[in-house]
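Novice: Below is the structure, and that's it, no one-letter string:
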């Protein structure tokens, strides 16, 4: 089972920031937090990952709390094309990523 | 575009048959992982191959098997198909086992 907890759904207004939370209270010291998203019927798309420092790339920012028990993915200016299911994943082992149910983000005009 | 291509895109098979799905990794990636995604659920890890060797396996029976070739392309084979094997099968390639993975668009398998 996935070691993360995410809200099942969220709405966001177009042009506003979308803040997607994730709880991972049992995370180990050497485990990374990864974020992926999946637009309907397509393969998951890598967004960002981090260990303990905040990270930013051209798609999003990742804020990880100091105790590493939770994180937030920020899409700074959401567009309609950002409507998708967002998965927060803690890397469990050498190989597998455990996807949970994710958060269905709906960006509304 | 991730540079990961899967074939075929759609497939219909009969219960009890065997199926082979194919994946071409992104250039320079030596690691490939396969996932099964049932309708309405998140992807479930099947196995990973690194430099042609299995490098981890999820909770799937032995009738799910794989191969990785010297050019790092990969196959997923499923024997004795069951109705519950109907799903989207996703392939993901990585530059190494513990880095971010880039997914293909998947193969939609329907077992009737």
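Specialist: Yep, it's here. Every value quoted in this text rests on a predicted model; they were computed, and no experiment measured them. Numbering: from 1, shown residues only, chains lettered A, B, ... in the order given.
Novice: how about the strands in chain A?
Specialist: For chain A, the strands defined by DSSP state E occupy A:9-13, A:18-23, A:33-38, A:45-50, A:55-56, A:61-64, A:70-75, A:84-90, A:103-108.
Novice: what do you get for chain B?
Specialist: B:5-7, B:10-13, B:19-24, B:31-37, B:44-50, B:53-57, B:64-68, B:74-78, B:87-94, B:102-103, B:107-111.
Novice: got TSV for those, with distance to residue A:23, mean pLDDT and mean neighbour count too?
Specialist: For the C-beta atoms, the positions are set from N, CA and C on the backbone; glycine is no exception. Shown next, in TSV, are these (distance: least, C-beta to C-beta, whole Å; pLDDT from 0 to 100; neighbours: other C-beta atoms under 10 Å in any protein chain shown):
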stretch	distance to residue A:23	mean pLDDT	mean neighbour count
strand B:5-7	33	96	16
strand B:10-13	37	97	13
strand B:19-24	33	97	19
strand B:31-37	23	95	25
strand B:44-50	21	93	22
strand B:53-57	25	91	15
strand B:64-68	31	96	18
strand B:74-78	33	97	21
strand B:87-94	25	95	24
strand B:102-103	25	93	22
strand B:107-111	32	98	18
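Novice: between those, which one is nearest to residue A:84?
Specialist: Between residue A:84 and the strands of chain B, the shortest separation by C-beta to C-beta is 13.2 Å, and it involves strand B:102-103.
Novice: closest one to chain B among the strands of chain A?
Specialist: Smallest distance to chain B across the strands of chain A (C-beta to the nearest C-beta): 4.8 Å, for strand A:45-50.
Novice: Please enumerate residues in contact with the closest one?
Specialist: Strand A:45-50 is contacted from outside by A:32-39, A:55-57, A:59-62, A:64, A:71, A:73, A:86, B:2, B:100-103, using C-beta atoms under 8 Å, 6 or more residues apart in numbering or on different chains.
Novice: Just want the most central residue of chain B.
Specialist: The centre of chain B sits closest to residue B:34, judged by C-alpha atoms, centre = their mean, with a distance of 3.3 Å.
Novice: Name the nearest residue to residue A:43, sequence neighbours excluded.
Specialist: Counting by C-beta to C-beta, 6 or more residues apart in numbering or on different chains, residue B:103 is the residue found nearest to residue A:43 once chain neighbours are left out, at 3.4 Å.
Novice: swap that for residue B:89, sorry
Specialist: In this structure, residue B:89 finds its nearest non-sequential neighbour in residue B:107, 4.7 Å apart by C-beta to C-beta, 6+ apart.
Novice: ditto for residue A:70
Specialist: The spatial neighbour of residue A:70 that comes closest, neighbours along the chain excluded (C-beta to C-beta, 6+ apart), is residue A:23 at 4.9 Å.
Novice: which ones are touching the one you found?
Specialist: Counted by C-beta under 8 Å, 6+ apart, residue A:23 has contacts A:4, A:5, A:6, A:69, A:70.
Novice: The residue nearest to residue A:43 and residue B:88 touch, don't they?
Specialist: No. With contact defined as C-beta atoms under 8 Å, residue B:103 does not count as touching residue B:88 (10.6 Å).
Novice: Restrict the contacts of strand A:45-50 to the buried ones and give me that as a ChimeraX selection.
Specialist: Burial among those is assessed by 16 or more other C-beta atoms under 10 Å in any protein chain shown; the matching ChimeraX selection reads:
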select /A:32,33,34,35,36,37,38,55,60,61,62,64,71,73,86 /B:2,100,101,102,103
